[in-house]
Structure formats: structure tokens, C-alpha cells
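Asks: Next input, structure requested:
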Amino acid sequence: MKNLLSFVVFTLMFSLQSFSQEWQTDFNTAKKIASEQHKTIVLVFQGSDWCAPCIKLDKEIWSTEEFQKLAEDKFVMLQADFPRRKNNKLSEEQQLHNNKLAEKYNNNGYFPYVVVLDAQGNQLGSLGYEKSTPKEYFNKLLAFEK
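Replies: From the prediction side, this is the model:
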């Protein structure tokens with residue numbers, strides 16, 4: 001019985017990990033990964049605890065198994081979050097990092113704002129929240145590479 005329980009817990013943990021989106025929070029790390037793996041960077045500006053369209057985008061696109069499978073070999077996902085609630089406050093270092101990204105790529109302060117970048121950080125295109133399927137949204141992001 002103990003072995004069965006251990007197996008179930010291990011299997012559940014592994015399956016959750018295999019479909020979780022690996023978000024980067026450091027721009028230099030994202031550029032390095034993108035360069036080494038020949039991927040495009042998808043930079044997402046969001047207000048995870050206050051922005052309704054940001055929360056919808058996460059629920060309807062980023063968190064879906066379908067999008068994660070599609071994006072796995074094509075994109076490095078980079079998150080620049082701007083939470084407002086005290087209990088979700090970022091470290092001062094991370095907040096400064098996100099502010100610098102916003103100064104360069106989102107100086108109008110749109111949320112959510114999705115910026116597609118090449119491995120060197122050059123902007124290829126951008127979009128916001130759109131009601132669509134994960135595959136449709138993936139294809140829109142992919143179209144900026146051309």
C-alpha cells in the first residue's frame with residue numbers, strides 16, 4: 001500500500017511538471033536560452049493579481065496543455081509581472097528588472113502586452129489579449145518570426 005501511494009504521488013508530480021510552463025523572469029537568461037536553443041522569446045507583461053484580461057490570457061492560453069505543447073520547442077517564455085497586492089510583492093531587484101523591461105518594450109503601460117523578440121532582444125511584433133484558441137494564439141505569435 002505504501003509503495004502504491006508513493007507511485008501515485010510521484011506520477012502526479014511528474015505529470016504536473018511535464019505540462020507546466022517554464023517561465024523565465026530574467027531577460028539575460030531568456031536571451032541565452034533562446035540563442036542556444038534557436039527559439040524566439042515571448043515577453044509577457046502582466047498584472048497577475050489585478051488585471052482581468054491578464055488572468056484570462058493565462059487561463060485560456062498560457063496555462064493550457066495545448067499551448068504548452070506547441071510552444072515547448074519554439075518559445076522561451078519570459079514574464080514581467082506587476083502585481084499590486086502586498087502579499088504578491090516582488091523583490092526589489094525583480095521589480096527593477098521588470099521596470100527596465102517595461103521602459104524598453106512597454107512604455108505605454110499596456111496590460112496584458114505580449115512582445116515577441118528574437119534571441120538578441122529585437123522586437124518582432126506584439127499583441128494583447130484576444131479571445132482565441134491556444135493554437136490560434138500560438139500561430140499569431142509564430143507569424144512574427146517571418
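
Asks: Can you show me the strands along the protein?
Replies: Remark: strands assigned in the chain by DSSP state E are 23-24, 40-46, 75-81, 113-117, 123-127.

Asks: Now that we have these, can you turn them into JSON lines and tack on mean pLDDT?
Replies: Output for the strands of the chain, formatted as JSON lines (pLDDT from 0 to 100):
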{"stretch": "strand 23-24", "mean pLDDT": "98"}
{"stretch": "strand 40-46", "mean pLDDT": "98"}
{"stretch": "strand 75-81", "mean pLDDT": "98"}
{"stretch": "strand 113-117", "mean pLDDT": "98"}
{"stretch": "strand 123-127", "mean pLDDT": "98"}
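
Asks: can you redo the ones you listed as CSV with mean neighbour count?
Replies: Yep, even glycine has a C-beta here, placed from its N, CA and C like the rest. Below are these laid out as CSV (neighbours: other C-beta atoms under 10 Å):
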stretch, mean neighbour count
strand 23-24, 16
strand 40-46, 23
strand 75-81, 21
strand 113-117, 22
strand 123-127, 15
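
Asks: The closest residue to Trp50 other than its chain neighbours: neighbouring residues, count only.
Replies: Closest residue to Trp50 apart from its sequence neighbours, by C-beta to C-beta, 6 or more residues apart in numbering: Arg84 at 4.7 Å. Arg84 has 11 neighbours, counted by other C-beta atoms under 10 Å.
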